[in-house]
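Novice: Mind looking at a prediction? Sequence and model below.
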Amino acid sequence: MFNVLHDESFRDYAARGLVETGITLPPEMVAATRAHYADKALGHNDFPKFFVDNEHQAYLEGAALGLFLNLFRRSGRKLVKRFYDKVYSKAVYCEQVRMEETLAHLMGNGFPRLFRTRYMVAAYDMYLRNDFRAPPAGVHIDLPNFHHFYETENDLSVYIPLVDLDEENGGRISVLPESKLKAPGNVLLGMLFDHFSKDPDCVDAAGYVDPNRISMEKIKAFVKTAPHQDIMRVYGSLNALARKHYAGAFKTTREPAGRALLFNNKNFHAAEQWRNERMDREVYVIRMFPLYDVKIRLKRRLHGVAINNFLLDMQTGRVHRFDEEVDVTRIPAEEKLPL
Ligand SMILES: [Fe+2]
């Protein structure tokens with residue numbers, strides 16, 4: 001993360017896990033975001049879609065769930081759906097309705113100063129809502145998956161509570177700072193390139209691996225390879241380590257409505273119980289990642305909708321929105337980070 005974030009924000013991130021952007025969205029923007037998602041049906045939940053064709057990862061969520069998923073694929077999926085229905089009353093991905101205005105506000109209010117790297121891709125947005133009956137989220141990292149394909153160990157999310165998350169309401173996140181424990185992730189990008197660049201059907205004319213050309217059969221073959229199995233084992237043991245030996249090192253911060261934080265979902269994190277019975281917890285998140293000098297193109301769609309189509313230029317302060325995914329082949333090598 002040292003070459004992604006600027007000195008001060010990097011120090012903040014390394015020591016405290018979360019970066020304070022110093023930017024709070026005006027109440028009318030928070031209200032507009034809440035109003036947009038209020039129209040979505042209760043129970044709309046895009047989470048279970050991530051388990052389809054990533055069932056192997058459920059092993060890390062819990063041995064029983066993983067085993068169940070792999071043995072009984074159809075009923076396993078129902079189990080996952082039932083579980084996530086309890087966790088979120090709404091989980092809406094990739095609407096891209098509130099994204100541009102939010103990003104423009106951030107970029108116009110000092111956001112570029114937080115970064116050392118020139119470009120960040122803003123991949124998609126998500127809205128999460130739950131009531132007091134939802135179980136708290138235990139210690140975990142958001143595992144890389146093939147629906148995203150291009151994920152780095154330094155992905156950063158803009159995390160904006162839409163209601164006050166505090167002592168009384170609960171619902172706050174806590175993060176294990178990178179200075180305590182860091183899970184490797186960029187190595188997976190290298191593994192993906194090594195594996196798929198050997199298959200001419202998966203590579204474009206410029207020599208880039210194109211995830212949009214990779215079939216699910218080919219992904220399943222990669223899952224079985226030794227490098228992938230190795231990294232999954234590492235995630236499994238790190239998870240146990242984080243839960244058992246780092247429980248006291250997680251950090252929290254203030255999370256009033258509208259206050260934008262940066263957080264890396266590849267660091268261990270957890271969310272406390274939401275306690276307010278009169279209103280729901282609501283957060284709005286924009287997932288971003290830096291660009292590395294690995295010849296892998298970006299995915300065009302996530303669950304059928306456009307993603308990876310916003311490019312933030314920290315030098316000019318501009319938000320570029322494209323119809324399709326950011327063309328990483330057109331970004332000069334010197335503006336990418338060494339893998
Ligand atoms: Fe998470």
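Specialist: That came in fine, so what should we check first?
Novice: who touches stretch 305-315?
Specialist: Contact with stretch 305-315 is made by 93-94, 96, 99-100, 103, 107, 111-112, 115, 117-124, 150, 288, 298-301, 318-326, as judged by Cβ atoms under 8 Å, 6 or more residues apart in numbering. Yep, even glycine has a C-beta here, placed from its N, CA and C like the rest.
Novice: Strands - which of the residues you listed land there?
Specialist: Using DSSP state E, the members of these that fall in strands are 93, 119-124, 288, 301, 318-321.
Novice: Tell me how far Glu334 lies from His320.
Specialist: Distance, Glu334 to His320, using Cβ to Cβ, to the nearest Å: 19 Å.
Novice: and if you look at Gln229?
Specialist: Using Cβ to Cβ, we find Gln229 at a distance of 38 Å from His320.
Novice: can you give me the mean pLDDT across stretch 161-168?
Specialist: Within the predicted structure, the mean pLDDT of stretch 161-168 is 97.
Novice: I'd like the next helix or strand past the helix or strand containing Asn239.
Specialist: Secondary structure here is read from DSSP states H and E; on that basis Asn239 sits in helix 226-245. For helix 226-245, the following helix or strand on the C-terminal side (DSSP H and E) is strand 259-263.
Novice: List of residues touching the following helix or strand past that following strand?
Specialist: Using DSSP H and E, the helix or strand that follows strand 259-263 towards the C-terminus is strand 269-271. Outside strand 269-271, the residues within contact range by Cβ under 8 Å, 6+ apart are 17, 136-141, 171-176, 250, 263.
Novice: Show me the two of the residues you listed that sit farthest apart.
Specialist: Among the contacts of strand 269-271, the pair separated by the greatest distance (Cβ to Cβ) is Ile141 and Gly171, at 19.6 Å.
Novice: per-residue confidence for the nearest residue to Leu103 once chain neighbours are set aside?
Specialist: In space, and not counting its chain neighbours, Leu103 is closest to Val319: 4.8 Å by Cβ to Cβ, 6 or more residues apart in numbering. Val319 carries a pLDDT score of 98 in this model.
Novice: now the one 4 residues further on
Specialist: At Asp323, the model reports a pLDDT of 96.
Novice: check contacts around it.
Specialist: When contacts are counted by Cβ under 8 Å, 6+ apart, Asp323 touches 306, 309.
Novice: what about it, distance to Glu255?
Specialist: The value you get for Asp323 to Glu255, if Cβ to Cβ is used, is 34 Å.
Novice: Please apply the same query to Gly248.
Specialist: When distance is defined by Cβ to Cβ, Gly248 is 21 Å away from Glu255.
Novice: Kindly report the same for Pro338.
Specialist: Distance from Pro338 to Glu255, by Cβ to Cβ: 34 Å.
Novice: Looking at the two, which one has more neighbours?
Specialist: Glu255 (21 against 8; other Cβ atoms under 10 Å).
Novice: Was I right to think the more buried one contacts Ser174?
Specialist: No: Glu255 sits out of contact with Ser174 when judged by Cβ atoms under 8 Å, with a separation of 10.6 Å.
Novice: got the residue ranges for the helices in the protein?
Specialist: Taking DSSP state H to define them, one finds helices in the chain at 7-16, 27-38, 58-61, 63-71, 73-87, 99-107, 186-196, 216-223, 226-245.
Novice: Just send the ones you listed back as a markdown table, with mean neighbour count, distance to Cys202 and mean pLDDT too.
Specialist: Putting the helices of the chain into a markdown table (neighbours: other Cβ atoms under 10 Å; distance: least, Cβ to Cβ, whole Å; pLDDT from 0 to 100) gives the following:
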| stretch | mean neighbour count | distance to Cys202 | mean pLDDT |
| --- | --- | --- | --- |
| helix 7-16 | 17 | 34 | 94 |
| helix 27-38 | 15 | 37 | 98 |
| helix 58-61 | 19 | 26 | 57 |
| helix 63-71 | 15 | 26 | 55 |
| helix 73-87 | 14 | 25 | 69 |
| helix 99-107 | 18 | 30 | 98 |
| helix 186-196 | 18 | 4 | 97 |
| helix 216-223 | 13 | 7 | 93 |
| helix 226-245 | 14 | 15 | 91 |
